[in-house]
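Chemist: Coordinates for the following, if possible.
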Amino acid sequence: MDRFTVFCRTGAGDKAIADERGGQDKLTRALLEAIDGFSTVGEISSRIGDARSVPKALEALEAGGMIETLDARMARVAGQESRWVSASGGLSVGGKPASPPSEFGEPRTEMHSEIHTEPHAEPHIESSSGEASLHPKTDSSRFKVASGSRASVFDRFRAFLGNFGHDLLAAKGSHARKIRRAVLITVSLGVLVVAAFSSVVLVQQFSTLRARVEQGAASWTGEPVKIGSAGIGFHPWPAFVLKDIKLGEGGASRVGSAWGYPDWIDWALGRPLRLSVTFADAQIESSLLLRLATLTTPQATWRLKSLEVRNTALHVGQLSIGALEGRLGFDDLGVWTEGRLLAPNGAVLETQVQDGRVQFTARAASWKLGESTLENPLLTGELNGSGFKGAQFGANWLSGAIKGDVDLDLSGPFRLDGRLKISSVSVDSLAALGGFSGVLEGRLSGPVTVEAKTQNASQLLDALRWTGSYSIADGALTRIDLLEAMRRGGAAPIAGGVTRFSKMEGDYAFEVGKPFRFGIRRLDSGALMASGRFTITRDGKIQGGVRADLHTAVERFARNFSVEGEPASPRLKAGGE
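Modeler: Predicted structure coming up:
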């Protein structure tokens, strides 16, 4: 079936539509309602949304006499008119006026008491495309050909747009090529007109541009603003171009170049201009961001819509985060609401402005922490002029997790204080950071305090001091066998072996370049209980002592041992009962 075929409803089709209990299936009724005498099969298929089932259903309706093609209807009505004209001569039959054929090819049943005609009307021949057709000279309304369409004007307009879109995108041939060419020319002319219009407007505003921007920005921010030069450029559209911008006292924040253009619809309607501005090669102080967060709607006739950032450095205290790319967003009144900046190392810096305060979030795929790596670190808190206060921190670390809150002072010297909790961290991996891997197994959990103070921000994480308590479940001391030491007794040193335990608790203190202190408050290994304290010196020697208690069914006794050697091969030496 041709997708450009047009169908009309017959009398039977109209009756089926009028009968709400006609018993048709959903597709059949939808097709009868969609058939309006001018929509093509392709358009109806698109409207119904079932291109496979529609042609078959249309064939079934046509076979059932509920629809017919528009061509078939026109041919049938024309034949009926010709037969009527030939039989009546355009006058009457049996002394009575003849009735013209109805829309569906059936004689009209209603009778008129009097019908005016022209008794001597001659057939009128008109030629169209080389063919002749007969039309009696009479009231044209008596020979009106209807299609049975119930479509509204809106439906017809929508069908026109559908046909136009089909010709533009899918149709072939010279007609479609003409439509595409006309659309292309119209769009090109529109782009040229918009560019020319924008250029004219910018040129008209250029003469006082620099002074007006300096005055308006200074009035809004409450800080002095100086602009080195102003002009017009294309980025890629016509835009204001400003260079060498200094913001704040002494030009604390600087912008190498900035360009922007207003929302032209707002400009045409006389509403406050919403400006889209881009910064490049800028040095921005955090104090400027904090001031921007407290600013209300500008009193001038302009509003910031968005602020794009390119190759921009953000200074927080003495820390500089460089080469940032991203965007700051503003609401309809020109008030800063949010921002998103991307650092070269993949870290993402996001801001949310609430009640004049800047909530700052930094996240990345990984951060280096000494010889280890923090996975998916997240730091969020309130930004101040020197860093963060009470920021929330979380990350995956050494097959476990670490989270808590930190204070970060970046005003110099750099200082970090954190109150964290470690969960299920690999003890062996943690011991390896101190240089004595393989002496302890298990998963460590517990609170920890971290502190650091340094003159260089890049060394802040490497200079951390860790102090806290721990709990290890189902672990082992892999270089010491306390039970065997209890059995042997004597003064000979004992080395090697394994002491497995169900739980071990204690405390520790660790700082790079200083002795590592490790205490066992309680070790529970069935009948064996132990406690002790050890120090690993900077030259890698272990010193300390351990007390072991053995409970049997018949006796209970305890012994003290000194610990010496290296962490990888410690030796126990009995110190008496």
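
Chemist: would you list every one of the helices in this protein?
Modeler: 11-18, 26-34, 41-48, 53-63, 70-88, 153-169, 174-206, 209-221, 264-268, 286-294, 427-433, 482-488 (DSSP state H).

Chemist: For the first one, which residues meet the burial criterion?
Modeler: When you say that, I think you mean helix 11-18. Neighbour counts over helix 11-18 (16 or more other Cβ atoms under 10 Å) mark 13, 14, 16, 17 as buried. For the C-beta atoms, the positions are set from N, CA and C on the backbone; glycine is no exception.

Chemist: Spatially central residue in the protein, please.
Modeler: In the chain, the centroid-proximal residue (Cα atoms, centre = their mean) is residue 340; its distance is 12.1 Å.

Chemist: How much space separates it from residue 363?
Modeler: According to Cβ to Cβ, to the nearest Å, residue 340 stands 11 Å off from residue 363.

Chemist: do residue 338 as well
Modeler: With distances taken as Cβ to Cβ, residue 338 is found 15 Å from residue 363.

Chemist: cool, residue 49 as well?
Modeler: From residue 49 to residue 363 the distance is 44 Å (Cβ to Cβ).

Chemist: Could you check which of these two is surrounded by more residues?
Modeler: residue 363 (17 against 9; other Cβ atoms under 10 Å).

Chemist: Report the beta-bridge partner residues of the more buried one.
Modeler: Assessed by DSSP bridges, residue 363 has beta-bridge partners residue 348, residue 378.

Chemist: The one 10 residues further on now?
Modeler: In this structure, residue 373 bridges to residue 368 when assessed by DSSP bridges.

Chemist: Sketch out the low-pLDDT regions of the stretch 1-150 of the chain for me.
Modeler: 1, 21-23, 81, 84-150 (pLDDT under 70).

Chemist: my bad, should have said the stretch 251-400 of the chain
Modeler: In the stretch 251-400 of the chain (pLDDT under 70), the answer is 264, 267-270, 299-301.

Chemist: ranges for the strands of it?
Modeler: For the stretch 251-400 of the chain, the strands defined by DSSP state E, counting those that start in this stretch cover 253-262, 273-285, 302-316, 319-330, 336-342, 348-354, 357-363, 366-369, 372-384, 387-397, 400-409.

Chemist: Quick one: residues contacting the closest residue to residue 407 other than its chain neighbours.
Modeler: Leaving aside its sequence neighbours, residue 407 sits nearest to residue 417 (Cβ to Cβ, 6 or more residues apart in numbering; 4.6 Å). By Cβ atoms under 8 Å, 6 or more residues apart in numbering, the contact list for residue 417 reads 406, 407, 449, 450, 451.

Chemist: If I look at residue 417, what pLDDT would I see?
Modeler: pLDDT, residue 417: 94.

Chemist: coming back round to it: between residue 340 and residue 363, what contacts are shared?
Modeler: By Cβ under 8 Å, 6+ apart, residue 340 and residue 363 have these common neighbours: 348, 350.

Chemist: Narrow the contacts of residue 417 to just the buried residues.
Modeler: When the contacts of residue 417 are checked for burial by 16+ other Cβ under 10 Å, the buried set is 406, 450.

Chemist: In a markdown table: the contacts of residue 417, plus pLDDT and distance to residue 440.
Modeler: Below are those laid out as a markdown table (pLDDT from 0 to 100; distance: Cβ to Cβ, whole Å):
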| residue | pLDDT | distance to residue 440 |
| --- | --- | --- |
| 406 | 94 | 27 |
| 407 | 92 | 31 |
| 449 | 96 | 21 |
| 450 | 94 | 21 |
| 451 | 94 | 24 |
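
Chemist: Make CSV from the contacts of residue 417 and add distance to residue 400 to it.
Modeler: Formatted as CSV, the contacts of residue 417 follow (distance: Cβ to Cβ, whole Å):
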residue, distance to residue 400
406, 18
407, 23
449, 18
450, 16
451, 21
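
Chemist: Show me the two of the contacts of residue 417 that sit farthest apart.
Modeler: Maximum pairwise distance among the contacts of residue 417 (Cβ to Cβ): 11.7 Å, between 407 and 449.

Chemist: Next, show the common contact partners of the two.
Modeler: 417, 418.

Chemist: any idea how far stretch 381-390 is from the chain center?
Modeler: 27 Å (Cα atoms, centre = their mean, to the nearest Å).

Chemist: neighbouring contacts of it?
Modeler: Against stretch 381-390 from outside (Cβ under 8 Å, 6+ apart): 286-287, 289-290, 316-317, 319, 351, 357-360, 379, 391-392, 405-411.

Chemist: Count the neighbours of residue 4 for me.
Modeler: Number of residues near residue 4 (other Cβ under 10 Å) recorded here: 12.

Chemist: same question, residue 499
Modeler: Neighbour number of residue 499 under other Cβ under 10 Å is 22.

Chemist: wait, what's in contact with it?
Modeler: Applying Cβ under 8 Å, 6+ apart, we find residue 499 in contact with 476, 477, 480, 481, 482, 483, 523, 525, 528, 530.

Chemist: Of those residues, which is the nearest to residue 261?
Modeler: For those, the nearest to residue 261 is residue 476 (68.9 Å; Cβ to Cβ).
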